[in-house]
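**Q** here is my input; please provide its structure:
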Amino acid sequence: MAIVLAREGQLIYINVTTERNLMAPRGRPRSFDRDLALERAMEVFWIKGYDGAQLSDLTAAIGITPPSFYAAFGTKEMAFREAVDLYVATVGSVPMRALEDAATVRNGIRSMLARSIDVALSTKPGGCLLILGVVNCLPDNRAARKHLFRARRKTVKLIATRLERGLREGELPVDTDVAQLAAFYHGILQAISFQARDGATRAELQALIEPALAVLK
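**A** Numbers count the residues shown, from 1 in each chain. Here you go, the predicted structure:
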């Protein structure tokens, strides 16, 4: 399973294609590709969440047996943490790059939200791994929740950094509360993810962008 990022105009589509048989062979294949296996594990966690992803789901997607899975990744929690880090570095980096690369802070926020919609709608049942990867507060998933929390805090920091740049460059009023504004836009990202999971259409999600931009004075 590979993640393909294709640019068409200003839209970025993330398509997941199956390129190999996902049936689990006996034992660990001699040509075992750990990077590809991690991509497949990431897709399972993205779709099913940490709690919903069973060992059988992961081994079937990767194409290895449970002993080989443990040999490759250690535990389900360790695999999840690696999958989250991969998501942040690949899929999750698209909206953040759009935020950073825009010429103005307004265009950066608009592009970040638009790219987040692309990501949220790129899989079924939809949403963002960082937001929906763990939604239940259970003792068994405490470490996984903490890892996601730290990843989300990094997202807030990236938004705040871009807003601070806009403040320095005179795009925002001098009395702008950057921390509050960064938290607000992170909340919009969460809303996009949850609404995508609930079946919202692209048009419905895009309708959130302009009201969110109205907060910028």
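
**Q** okay, now the unreliable bits of the chain?
**A** Counting by pLDDT under 70, the chain contains low-confidence ranges at 1-30.

**Q** go again using 50 as the cut-off
**A** Residue ranges of the chain with pLDDT under 50: 1-27.

**Q** mind naming the longest helix for it?
**A** Using DSSP state H, we find that the single longest helix of the chain is helix 142-168.

**Q** what helices or strands is the helix or strand just after it leaning on?
**A** The helix or strand immediately downstream of helix 142-168 is helix 178-197, counting by DSSP states H and E. Where contact means 3 or more C-beta pairs under 8 Å, 6 or more residues apart in numbering; DSSP states H and E, helix 178-197 is packed against helix 105-120, helix 129-132, helix 142-168, helix 202-206, helix 209-213. (Glycine included, C-beta is placed from N, CA and C.)

**Q** list the buried residues in the longest one.
**A** The neighbour-count criterion (16 or more other C-beta atoms under 10 Å) identifies 144-145, 147-148, 151-152, 155-156, 158-160, 162-164, 166-167 as the buried residues of helix 142-168.

**Q** next one: stretch 174-190
**A** Within stretch 174-190, the residues that qualify as buried are 176, 178, 181-182, 185-186, 188-190, counting by 16+ other C-beta under 10 Å.

**Q** how far out from the middle of the chain is that stretch?
**A** Averaging C-alpha positions (C-alpha atoms, centre = their mean, to the nearest Å) puts stretch 174-190 19 Å from its chain's average.

**Q** which residues touch that stretch?
**A** Stretch 174-190 has contacts (C-beta atoms under 8 Å, 6 or more residues apart in numbering) with 95, 109, 112-113, 116, 128, 131, 152, 155-157, 159-160, 163-164, 167, 208, 212, 215-217.

**Q** hang on, isn't residue 133 packed against residue 144?
**A** Yes. Counting by C-beta atoms under 8 Å, residue 133 touches residue 144, with 7.3 Å between them.

**Q** which residues do these two both contact?
**A** Joint contacts of residue 133 and residue 144 (C-beta under 8 Å, 6+ apart) are 50, 80.

**Q** so residue 137, which of the three states?
**A** coil (DSSP: H, G, I helix; E, B strand; the rest coil).

**Q** distance-wise, check the residue lying closest to it once chain neighbours are set aside relative to residue 63.
**A** Excluding its sequence neighbours, the residue lying closest to residue 137 (C-beta to C-beta, 6 or more residues apart in numbering) is residue 145, at 7.0 Å. Distance, residue 145 to residue 63, using C-beta to C-beta, to the nearest Å: 29 Å.

**Q** how about residue 70?
**A** Distance, residue 70 to residue 63, by C-beta to C-beta: 15 Å.

**Q** more neighbours, those two?
**A** Comparing residue 70 with residue 63 by other C-beta atoms under 10 Å, the one with more neighbours is residue 63, at 20 against 16.

**Q** residues contacting residue 197?
**A** 120, 125-127, 132 are the contacts of residue 197 under C-beta under 8 Å, 6+ apart.

**Q** ditto for residue 212
**A** 109, 113, 184-185, 188.

**Q** just put the residues you listed in CSV and tack on distance to residue 171.
**A** As requested, the contacts of residue 212 are arranged in CSV below (distance: C-beta to C-beta, whole Å):
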residue, distance to residue 171
109, 11
113, 17
184, 16
185, 15
188, 19
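
**Q** sounds good, over and out.
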